[in-house]
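Enquirer: this is a predicted model, with the sequence first.
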Amino acid sequence: MQDAFSSPEHQRRHRPPYDPLHPPPHPSPRPFPHHTSPSHLTYPWQPQPQPPEPERRRQPRHHALGRHSDIRVLRGAYRRQRRVATLTALGYFTLFLILSAFAPGLMASEVSGGLPTGLLLGLLQVPVTCLAIGLYEYTARRSVDPIADRIRRQTQLDAKREAAR
């Protein structure tokens, strides 16, 4: 029988101060808790338990949309489209700025009727920007939109096939 002074709760509350030279004894370590069994089998001739096989699902006929080759083609076409349009507008503007900074004599020279070259080049920035927008739309209609439409149709077909399962 256990008395009140030998209970674990009493021993925890009334523990002597820690002495580093004489640490308290540790309980003997067990190889494994008493409520579990060892991870190895007791008898080696017993058959090993086999894990259940995972349920096999039918693989889709088409690759997932993120790995689809048309997506890569679409990204490339869209990237080229942006670069061409951006470089057209920004290239002309950069040329205008460079001429303004490093060729002030050319920019101040008159073209005709008292119109300076710098003002004419500055006014031409608006049509060049409109040209860049038109080029952007043209390349979108010619190369980007057909690829996007093909991907859209394929995705709709895949969704219908999935819904039919």
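Expert: That came through, no problem. Numbers count the residues shown, from 1 in each chain.
Enquirer: from here on, just use CA atoms for contacts and neighbour counts.
Expert: Will do.
Enquirer: where does this protein dip in pLDDT?
Expert: 1-49, 57-68 (pLDDT under 70).
Enquirer: now do the buried residues in the longest helix seen in it.
Expert: Longest helix in the chain by number of residues (criterion: DSSP state H): helix 69-102. When burial is assessed from 16 or more other C-alpha atoms under 10 Å, helix 69-102 yields the following buried residues: 74, 77-78, 80-82, 85, 88-89, 92-93, 96, 99-100.
Enquirer: would you format these as a markdown table with distance to Glu162 included?
Expert: Formatted as a markdown table, the buried residues of helix 69-102 follow (distance: C-alpha to C-alpha, whole Å):
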| residue | distance to Glu162 |
| --- | --- |
| Leu74 | 24 |
| Ala77 | 29 |
| Tyr78 | 29 |
| Arg80 | 34 |
| Gln81 | 34 |
| Arg82 | 35 |
| Ala85 | 39 |
| Thr88 | 45 |
| Ala89 | 45 |
| Tyr92 | 50 |
| Phe93 | 51 |
| Phe96 | 56 |
| Leu99 | 60 |
| Ser100 | 61 |
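Enquirer: out of these, who's nearest Lys160?
Expert: Checking the buried residues of helix 69-102 against Lys160 by C-alpha to C-alpha gives Leu74 as the nearest, at 23.0 Å.
Enquirer: am I right that the closest one is in contact with Ala140?
Expert: No. The pair Leu74 and Ala140 fails to qualify as a contact (C-alpha atoms under 8 Å) at a distance of 10.5 Å.
Enquirer: which other helices and strands contact the host helix or strand of Ala159?
Expert: Using DSSP states H and E, the element containing Ala159 is helix 145-164. With contacts defined as 3 or more C-alpha pairs under 8 Å, 6 or more residues apart in numbering; DSSP states H and E, the packing partners of helix 145-164 are helix 69-102.
Enquirer: what helices and strands are in contact with the helix it packs on?
Expert: Helix 69-102 packs on helix 104-108, helix 117-123, helix 125-139, helix 145-164, going by 3+ C-alpha pairs under 8 Å, 6+ apart.
Enquirer: just the angle for the last one relative to helix 125-139, thanks.
Expert: When you say that, I think you mean helix 145-164. 40 degrees (axes from the mean of the first three to the mean of the last three C-alpha atoms, to 10 degrees).
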